[in-house]
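1. Got a predicted model here, sequence first, then my questions.
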Amino acid sequence: MDSERIYIFDTTLRDGEQSPGISLNAFEKVEIAEQLARLGVDVIEAGFPVSSPGDFEGVRKIADSVSGVTVCALARAIENDVRTAWDAIKGAERPRIHTFISTSDVHLEHQLRKSREEVLEIARRMVALAVSLCEDVEFSAMDATRSDPEFLATVLQAAVDEGAATINIPDTVGYAIPREFGIFVADQFQRAPGLRDVTVSVHCHNDLGLAVANSLAAVEAGATQVECAVNGLGERAGNASLEEMVMILETRHATLGKVTGIETTEIDRTSRLVSQLTGYEVQPNKAVVGKNAFAHESGIHQDGVLKERTTYEIMNARSIGRSQSDIVLGKHSGRHALKTAMEELGFSLNEAELNQAFENFKKIADKKKQITAVDLEHLVSEELRELTDIYELKSYEVTSSSEFTPTSQVIIEKEGEQLVGKSFSGGSMEAIFKAIDDAVGAKGKLLDYQVRAVTAGKDALGEVRVVVEVEGEGYAGTALSIDVVEASAKAYMRAMNNAYRAGVVMNGSKK
Ligand SMILES: [Zn+2]
């Protein structure tokens, strides 16, 4: 029997990006999208273009630059949404419009305030409009699991009739349980025969911890596309976790008979990149990508695994790309070694980028004996993030002692112009942050501050993540350095750059 192909639709950049505190800039979104393409997902849902100019820009950049994958944009079943989504993705190699409307009575009555007839009519018109713009259209019936099955089937059949090639049955509120959801999906195939001619998709939320289990039940009932997110990110408790879904199909292939297009050895790296750019850490005991997912602590297990790996291991860490023998570079490694290591990690740097990366590499290698693959990944994404920053922290100075109030001075450059900021404040970090505020002429309020070590050891790179409130909005910034004070200053500067990009007026603004 041939294995059936299951399509992986990744919504990390849309549903995942809606998680509180995540604010990726367009450049970071492209970086994640490129890694998703390397991972081999079939569809990248890049965003919801009508929701903000920033989202539109992020989707457009991904559509224009990422190849080998379908790039999808979300749109409510509203004409302006659909047209805006199309404007954002029309440059893609394979564009897809994903439009949705609620079908449950509770949503119709309280949110949409529309009758079933009206909803059916809107779904028809908007799918038809999307199909007139874009060959590949997906339709979702929001809150499908709480909808009347007969009405849901009528709407889904109508969407198929209007030309939607993918029909999504979401468990929007995370209410379903696996056996029931499997039966529900199978029943829709009976009621809406057109579903047999299209791709049937599911989108499950994890409110009860069942997103992956429900998705699997749907796959066994005939669904061939699963919507999921890296590290299970997403609204509330998140979406079905991509890595878990894929590794279930992979590990239990003999029983399930399904295959995906995922290059599983890219899973670990994708998980790390998403965690690093979103600031959402992965819990250590998380299935597949948690730091302890392959660590055996019990003596009996260790003994067994040493004698024969399969005694206690159902998956190999290498299959998700986690290798024991990390690439290690040191202080004496040259440009060529760095270039080769970067290529092995999937980064193709041009001459200028390589020069810059090498310069940074040398700075770190001076202080840190061994540079691992994880360090290098951070180094590159750090470098790439800096390219988009308008304000650059040139230097900082802080004096603190147990006797005096700390003082700080920073020099920031913006398009060749130097801005100097000074402060006299409560703590030494606070003094630097206030000096940056002074230089850029904006007032930031620190909402969140986290430090973590990227790799083990006393000389580990420290990563600082801040969320700064400016004019009522929160902006995140992440930065990396051997020195935590420097990483903090840079992270704060980066959050301020994000605020500037979002339209906050600052010193040196041309407006
Ligand atoms: Zn969702």
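-> On my side now, so go ahead. Residues are numbered from 1 along each chain as shown.

2. Just list what the host helix or strand of residue 413 packs against, helices and strands only.
-> Using DSSP states H and E, residue 413 maps to strand 407-414. When contacts are defined as 3 or more Cβ pairs under 8 Å, 6 or more residues apart in numbering; DSSP states H and E, strand 407-414 packs onto strand 391-399, strand 417-424, helix 428-440. In short, each C-beta sits where N, CA and C put it, glycine included.

3. winner for burial among those?
-> helix 428-440 (a mean of 24; mean count of other Cβ atoms under 10 Å).

4. what about the helix or strand just after it, average pLDDT?
-> Next along the chain after helix 428-440, taking DSSP H and E as the criterion, comes strand 444-453. On average, the pLDDT along strand 444-453 is 87.

5. next one: stretch 460-480
-> 84.

6. Residue 32 - how many residues pack around it?
-> 26 (other Cβ atoms under 10 Å).

7. Local confidence estimate at it?
-> 94.

8. Quick check: it touching residue 272?
-> No: with contacts counted by Cβ atoms under 8 Å, residue 32 stays clear of residue 272, the gap being 11.4 Å.

9. Flag the shaky bits of the chain, pLDDT-wise.
-> 1, 297, 324-328, 346, 381, 383-388, 508-511 (pLDDT under 70).

10. Can you pull the domain assignment for it?
-> 4-278, 335-386, 390-501 (automatic domain parsing).

11. Backbone torsions only: list them for the residue located most distally from the centre of the chain.
-> Farthest-out residue of the chain from its mean C-alpha position, per Cα atoms, centre = their mean: residue 403, at 45.3 Å. As for residue 403, its main-chain torsions (degrees, to the nearest 10) stand at phi -90, psi -30.

12. again, but for residue 275
-> The phi/psi pair for residue 275 (degrees, to the nearest 10) is phi -60, psi -40.

13. and the nearest residue to it once chain neighbours are set aside, helix, strand or coil?
-> Closest residue to residue 275 apart from its sequence neighbours, by Cβ to Cβ, 6 or more residues apart in numbering: residue 282 at 5.4 Å. Here residue 282 is recorded as coil under DSSP: H, G, I helix; E, B strand; the rest coil.

14. so where do the helices sit in the stretch 1-150 of the chain?
-> 26-39, 53-65, 79-89, 105-107, 116-133, 149-161 (DSSP state H, counting those that start in this stretch).

15. Export those helices as CSV, with columns for distance to residue 493.
-> Listed next are the helices of the stretch 1-150 of the chain as CSV, based on distance: least, Cβ to Cβ, whole Å:
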stretch, distance to residue 493
helix 26-39, 16
helix 53-65, 19
helix 79-89, 29
helix 105-107, 43
helix 116-133, 41
helix 149-161, 47
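
16. Go through the ones you listed and name the closest to residue 435.
-> Among the helices of the stretch 1-150 of the chain, helix 26-39 comes nearest to residue 435, with 26.1 Å by Cβ to Cβ.

17. what's next to that closest one, contact-wise?
-> Applying Cβ atoms under 8 Å, 6 or more residues apart in numbering, the contact partners of helix 26-39 are 10, 12-13, 17, 24, 44, 46-47, 54, 57-58, 61-62, 65-69, 71, 230, 262-263, 266-267, 269-270, 273-274, 277, 346, 381, 384-385, 387-388.

18. now with 7 Å?
-> Here helix 26-39 makes contact (Cβ atoms under 7 Å, 6 or more residues apart in numbering) with 10, 12-13, 44, 46, 57-58, 61-62, 65-66, 68-69, 262-263, 266-267, 269-270, 273-274, 277, 346, 381, 384-385, 388.

19. quick revisit: mind checking the domains of the chain for the one nearest to residue 299?
-> Closest among those, once you apply Cβ to Cβ, is domain 390-501, at 22.8 Å.

20. hey, what's residue 201 bridged with?
-> residue 168, residue 225 (DSSP bridges).

21. Check the burial of it by counting its neighbours.
-> 24.

22. same question, the one 3 residues further on
-> Residue 204 is flanked by 31 other residues according to other Cβ under 10 Å.

23. residues contacting it?
-> By Cβ under 7 Å, 6+ apart, the neighbours of residue 204 are 171, 211, 214-215, 240.

24. can you redo the domains of the chain as a markdown table with distance to residue 313?
-> As requested, the domains of the chain are exported to a markdown table (distance: least, Cβ to Cβ, whole Å):
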| stretch | distance to residue 313 |
| --- | --- |
| domain 4-278 | 11 |
| domain 335-386 | 22 |
| domain 390-501 | 23 |
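
25. Can you say which of these is nearest to residue 305?
-> Per Cβ to Cβ, nearest to residue 305 of the domains of the chain: domain 4-278, 16.8 Å.

26. can you give me how far that closest one is from the chain middle?
-> 14 Å (Cα atoms, centre = their mean, to the nearest Å).

27. ends of that domain, how far apart?
-> 33 Å (Cα to Cα, to the nearest Å).

28. Next: stretch 467-487.
-> Termini of stretch 467-487 sit 14 Å apart (Cα to Cα).

29. What are the buried residues along that stretch?
-> Using 16 or more other Cβ atoms under 10 Å as the test for burial, stretch 467-487 gives 467-470, 474-481, 485-487.

30. Now, those that are in helices?
-> Judged by DSSP state H, these include 485-487 as members of helices.

31. if we can go back for a sec, most packed of the domains of the chain?
-> Buried most deeply of the domains of the chain, by mean count of other Cβ under 10 Å, is domain 4-278, with a mean of 21.

32. Run through who's touching the helix or strand harbouring residue 255.
-> Here residue 255, judged by DSSP H and E, is contained in helix 253-256. Residues outside helix 253-256 that contact it (Cβ under 7 Å, 6+ apart) are residue 249.

33. which other residues reach the very next helix or strand once past that helix?
-> Next along the chain after helix 253-256, taking DSSP H and E as the criterion, comes strand 258-259. Strand 258-259 has contacts (Cβ under 7 Å, 6+ apart) with 3-6, 219, 249.

34. List just the nearest of those to residue 506.
-> Checking these one by one against residue 506 (Cβ to Cβ), the nearest turns out to be residue 6, at 47.9 Å.

35. mind listing the strands for the stretch 151-300 of the chain?
-> 166-171, 199-204, 225-228, 258-259 (DSSP state E, counting those that start in this stretch).
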